[in-house]
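Trainee: Here's my sequence, what's the structure:
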Amino acid sequence: MMNKQLKFIKRPEGLPDASTWTIETQPIPDIASGEFLVQQHYVSLDPAMRGWMNDSKSYIDPIAIGDVMRAGSIGKIIKSNHSDFQVGETVTGWGGVQQYAVGSEKNWFKVDTSLAPMPMYLGALGMPGMTAYFGILKVGKIKEGDVVLVSAAAGAVGSIVGQIAKLKGCYVVGIAGGKEKCDYLKNQLGFDATIDYKSENVFDAVKETCPKGIDVYFDNVGGDILDAALSRLRMHARIVICGAISQYNNLDETKGPRNYMSILVNRATMQGMVVMDYMPEYREAAKVMGQWLMQGKIKSKEDIYEGIENFHETFLRLFSGNKKGKLVLKIID
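Mentor: Here you go, the predicted structure:
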């Protein structure tokens, strides 16, 4: 058997094109004592991947030229030299975009596919779900009655953020692109109101949907939408900076907020959050999220495509908005 891999070979400028990666086929690696071999079924596609390609200081080292493209993944153990990880068990970790990966107890976790299907462990029960959980509860510090505004609200993180906020008794407004996504937020996920940034003036729409102002803004996009949110802050508001997808492919300098003085006037806080900081608490958070999913209090949606060969085309859906929920690539033949 051979291992099909997606190798990162060129740092992109702006939106990555197909020449950013190449597909190689290598022998399946051997495993040492304490390791196991994972046949990967699915990999996670996330906006953060674009930042990892830049050769600049960040919360994680950039992907090295020639390395397998970094990605979260899930699959089954097919060979093991570790007594606690058995053949046939399902594990999730940072396997990258390749069909087979070597794992160890340091960077892989067992999951139970009798409770939820594999792709959900890359979504609501994976990094996006944990990001939403800790971002809105620990950083956003929501409380009953808060007005919560969420950007990229139909995405993997934003959709869970909004649902958790509703569970906690908040009034939730979601910003998304297009009528279909906005209808999905209101009719299926229970958001109180929506803003279609493609057809509405976001500044006016935020004022209309949040007439008393915003207590918590969960930001996934940055740019003009962040400015619109800052213009409507209430006293002691909290801004959670989770991502800035509108800025990731800029060829010019990153556009910062113009309305930042609103933070001073309203004694607000703006805090960045990286989900890796909360790893010691993942297990407990996953239990809570799992219960909410089983009880139907939270809905999870995975948008699944197939084939390593289709990685680039699928990856671009993160930036075109041509997806709903968690973007996942099936890579098992």
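Trainee: count of residues packed around K186?
Mentor: Neighbours of K186 under the rule other Cβ atoms under 10 Å: 14. (Glycine included, C-beta is placed from N, CA and C.)
Trainee: Now name the helix or strand holding the closest residue to it other than its chain neighbours.
Mentor: Residue nearest to K186 in three dimensions, not counting chain neighbours: T194, with 5.6 Å by Cβ to Cβ, 6 or more residues apart in numbering. For T194, the host element (DSSP states H and E) is strand 193-196.
Trainee: which residues touch the helix or strand following that strand?
Mentor: Downstream of strand 193-196, the next assigned helix or strand under DSSP H and E is helix 202-209. Applying Cβ atoms under 8 Å, 6 or more residues apart in numbering, the contact partners of helix 202-209 are 149, 173, 175, 193-196, 214, 224-225, 227-229, 231-232.
Trainee: roughly how far out does stretch 238-247 sit from the chain middle?
Mentor: Between the centre of stretch 238-247 and the centre of its chain there are 12 Å (Cα atoms, centre = their mean, to the nearest Å).
Trainee: Report the mean per-residue pLDDT for that stretch.
Mentor: Averaging pLDDT along stretch 238-247 gives 86.
Trainee: cool, stretch 48-56 as well?
Mentor: Stretch 48-56 shows a mean pLDDT of 90.
Trainee: In the chain, where is pLDDT below threshold?
Mentor: Applying pLDDT under 70 to the chain picks out residues 246, 248, 250-251.
Trainee: out of everything not next to it in sequence, what's closest to the residue most central in space within it?
Mentor: The residue lying closest to the centre of the chain (Cα atoms, centre = their mean) is P128, at 4.0 Å. Ranked by Cβ to Cβ, 6+ apart and with sequence neighbours excluded, the top spatial neighbour of P128 is A156, at 3.8 Å.
Trainee: next one: phi and psi at the one you found?
Mentor: For A156, the backbone dihedrals (degrees, to the nearest 10) come out as phi -60, psi -40.
Trainee: Tell me, how many residues neighbour it?
Mentor: A156, neighbours per other Cβ under 10 Å, totals 32.
Trainee: quick one: it from I239, how far?
Mentor: 20 Å (Cβ to Cβ, to the nearest Å).
Trainee: ditto for K4
Mentor: 42 Å.
Trainee: Packing partners of the one helix or strand Q291 maps to?
Mentor: In the assignment (DSSP H and E), Q291 maps to helix 282-294. Counting contacts by 3 or more Cβ pairs under 8 Å, 6 or more residues apart in numbering; DSSP states H and E, helix 282-294 packs against helix 127-134.
Trainee: What lies in contact with the helix it packs on?
Mentor: Residues beyond helix 127-134 that count as contacts (Cβ under 8 Å, 6+ apart) turn out to be 44, 46, 72, 122-123, 156-158, 160-161, 164, 242, 273, 275, 277-278, 281-282, 285-286, 288-289, 300, 326.
Trainee: chain center to it, what's the gap?
Mentor: Per Cα atoms, centre = their mean, the centroid offset for helix 127-134 relative to its chain is 8 Å.
Trainee: Determine the angle, from 0 to 180 degrees, between that helix and helix 282-294.
Mentor: 100 degrees (axes from the mean of the first three to the mean of the last three Cα atoms, to 10 degrees).
Trainee: For helix 127-134, buried residues please.
Mentor: The neighbour-count check on helix 127-134 (16 or more other Cβ atoms under 10 Å) flags M127, P128, G129, M130, T131, A132, Y133, F134 as buried.
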